[in-house]
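**Q** sequence and predicted structure, then a few things I'm wondering about:
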Amino acid sequence: MAACGLDFGTSNTTLGLAGANGPHLAALEGEAVAVPSALFYDRSGTPTIGRAAIARYVGGEDGRLLRSIKSVLGSALIEEKTQVGRSAIGFREVIADFLRMVKARAEQAEDRALDAVVLGRPVFFVDNDAAGNARAEAVLREIAAKIGFSEISTQYEPIAAAFDYEQQVRAEEIALIADIGGGTSDFSVVRLSPERHRAVDRAADILANDGVRIGGTDFDRHLSLGELMPLLGYRSPMKRAGRDVPSGYFHELATWSRINRLYNARTLRELAEVRREAARPELVDRLIHVLAEERGHTLAMEAEAAKITLSDAPEARVELGWLEPGLHSDIAAPALVSHTAELARRIAARVETCVKAAGLGVGDIDALFLTGGSTRLPHVRAAIVAAAPEARVVEGDTFGSVGTGLAIEATRRYGSRRKAA
């Protein structure tokens, strides 16, 4: 039996273990150690996860795709169900299906059973809601028990990333850890050193934690609303002066965890009425087509891909010929910045709050450790760096730092009672 660290992410998931040569990440999909947090249920209700799940959806197979499922933790959606074929399945079971398959793949790759786990968790599942955060963690623990873990604990994701970074630290320093994931942005100020790395109890070294429920999927959503949804009628006028096409459909369609709520006959009936009163019905026709064909996730993936391209290119083209021949959208990098500048500002403000909570000034931070996919966005990175301008910037493993750090923590907590935990 063995212990592990499980980083269940909004966009990607990893599972870390310790071994003879130190902590490592288990292969979860072929040789890949990071698996997209996605499930595809075919019409019989059989799930597939990861890249294979996305491929089945993109390939046009009949079924239901779910992504960003972690984001339902701490929301009312966790108590709801989604339609899969002729049945409805609860989101608790959706998450359990995904994590059960991740656990089984790791056990097969490592040839050992996993019975203890340190679960990564954001500093805040929900902003400004202590009760909601407690409920979200409780649900995650319940799911971990359901899939076969007998000993379960949690650690903040930025603290786990700090433990990964500490493996390369050669002298004592104060580090600010910035983990910008798919669903949340989390920060910790931690005192690190080679000597402290060997200690079992690190509570005194954690100077401050903070976070905000803003992540990569929020950047996807704002970019989609700004550049793609207008092609489907967002903010287009109705025939009656002073009214626009109802915006709620577009906000749901641009939000990963809510797309499936639009795939129903009632929504299509409503949109047929909207189309009759729309000043530009041809745009609403595109929206109806997307929902009738259940292609909302395709749009979300296009927005995500454009965001990633714009992290290091001046322009991204989104091809929408599957929706209408010749339809496309050319998005320039300044447009991404314009649509998401407020998100970057809020992230930077929370960094400053975290540093102040540690009782430090910006000049007291020795190192700024960046991990998580959205730290690749230049304006996000610049906003974070501006909050600690004198710190040495260190690049972490974009998708693996938290999982590796959780493996280190699992060894501290459970390793003495398990071989090669």
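**A** That came through fine. Note that the structure is predicted; figures quoted are calculated from it, not measured. Residues are numbered from 1 along each chain as shown.

**Q** what's the weakest-modelled helix or strand in the chain?
**A** strand 81-84 (a mean of 85; mean pLDDT, DSSP states H and E).

**Q** what is that one packed up against?
**A** Strand 81-84 is packed against strand 63-67, strand 87-90, helix 91-110, with contacts defined by 3 or more CB pairs under 8 Å, 6 or more residues apart in numbering; DSSP states H and E. In short, each C-beta sits where N, CA and C put it, glycine included.

**Q** just these: most buried one?
**A** Among the helices and strands packed on strand 81-84, strand 63-67 has the highest mean neighbour count (mean count of other CB atoms under 10 Å), at a mean of 24.

**Q** gap between that one and the chain center?
**A** Its chain's C-alpha centre and that of strand 63-67 lie 16 Å apart, by CA atoms, centre = their mean, to the nearest Å.

**Q** quick one: residues contacting T255.
**A** For T255, the contact set (CB atoms under 8 Å, 6 or more residues apart in numbering) comprises T217, R221.

**Q** measure it to D127 for me?
**A** Distance of T255 to D127, computed by CB to CB, to the nearest Å: 16 Å.

**Q** same check, this time on D115
**A** In this view, D115 and D127 are 34 Å apart by CB to CB.

**Q** by contact count, what packs against the longest helix along the chain?
**A** In the chain, taking DSSP state H as the definition, the longest helix is helix 333-357. In terms of contacts (3+ CB pairs under 8 Å, 6+ apart), helix 333-357 is packed against strand 173-180, strand 185-192, strand 206-212, helix 216-223, helix 296-310, helix 378-387.

**Q** so which of these comes closest to P325?
**A** helix 296-310 (16.0 Å; CB to CB).

**Q** that closest one packs against which elements?
**A** Helix 296-310 packs on helix 50-58, strand 63-67, helix 216-223, helix 248-253, helix 281-292, strand 315-319, helix 333-357, going by 3+ CB pairs under 8 Å, 6+ apart.

**Q** any weak-confidence spans in the protein?
**A** Where the chain drops to pLDDT under 70, the residues are 416-421.

**Q** look up phi and psi at P389.
**A** Torsion angles at P389 (phi, psi; degrees, to the nearest 10) stand at phi -70, psi -20.

**Q** nearest residue to it in space, please, no chain neighbours.
**A** In space, and not counting its chain neighbours, P389 is closest to V362: 6.5 Å by CB to CB, 6 or more residues apart in numbering.

**Q** pull the CA atoms of stretch 274-291 into PDB?
**A** Taking C-alpha atoms only, stretch 274-291 is exported to PDB below (Å, rounded to 0.1, in the frame of the first residue of the first chain):
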ATOM      1  CA  VAL A 274     -36.000  35.100 -29.700                       C
ATOM      2  CA  ARG A 275     -35.100  34.500 -33.300                       C
ATOM      3  CA  ARG A 276     -38.600  35.800 -34.400                       C
ATOM      4  CA  GLU A 277     -38.100  39.000 -32.500                       C
ATOM      5  CA  ALA A 278     -34.300  39.500 -33.300                       C
ATOM      6  CA  ALA A 279     -33.200  42.300 -35.600                       C
ATOM      7  CA  ARG A 280     -30.500  40.000 -36.900                       C
ATOM      8  CA  PRO A 281     -32.000  36.500 -36.900                       C
ATOM      9  CA  GLU A 282     -29.200  35.000 -38.900                       C
ATOM     10  CA  LEU A 283     -26.900  35.400 -35.800                       C
ATOM     11  CA  VAL A 284     -29.400  33.700 -33.600                       C
ATOM     12  CA  ASP A 285     -29.500  30.900 -36.100                       C
ATOM     13  CA  ARG A 286     -25.900  30.200 -35.500                       C
ATOM     14  CA  LEU A 287     -26.600  30.000 -31.700                       C
ATOM     15  CA  ILE A 288     -29.400  27.600 -32.300                       C
ATOM     16  CA  HIS A 289     -27.200  25.500 -34.500                       C
ATOM     17  CA  VAL A 290     -24.400  25.300 -31.800                       C
ATOM     18  CA  LEU A 291     -26.900  24.100 -29.200                       C
END
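
**Q** how about that stretch: buried residues?
**A** If you call a residue buried by 16 or more other CB atoms under 10 Å, then stretch 274-291 has these buried ones: 274-275, 278-279, 281, 283-288, 290-291.

**Q** in CSV, list those residues along with distance to E395.
**A** Formatted as CSV, the buried residues of stretch 274-291 follow (distance: CB to CB, whole Å):
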residue, distance to E395
V274, 47
R275, 49
A278, 48
A279, 49
P281, 49
L283, 42
V284, 45
D285, 46
R286, 40
L287, 40
I288, 44
V290, 37
L291, 40
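
**Q** just say helix, strand or coil for F40.
**A** Classification of F40 by DSSP: H, G, I helix; E, B strand; the rest coil places it in strand.

**Q** quick one: contacts for it?
**A** Neighbouring residues of F40 by CB under 8 Å, 6+ apart: 47-49, 52-54, 56-57, 61, 63-66.

**Q** identify the residue spatially nearest to E61, adjacent ones excluded.
**A** Excluding the flanking residues, the one nearest E61 by CB to CB, 6+ apart is D42, at 6.8 Å.

**Q** list the contacts of the one you found.
**A** D42 sits in contact with T48, R56, E61, D62, G63, G85, where contact means CB under 8 Å, 6+ apart.
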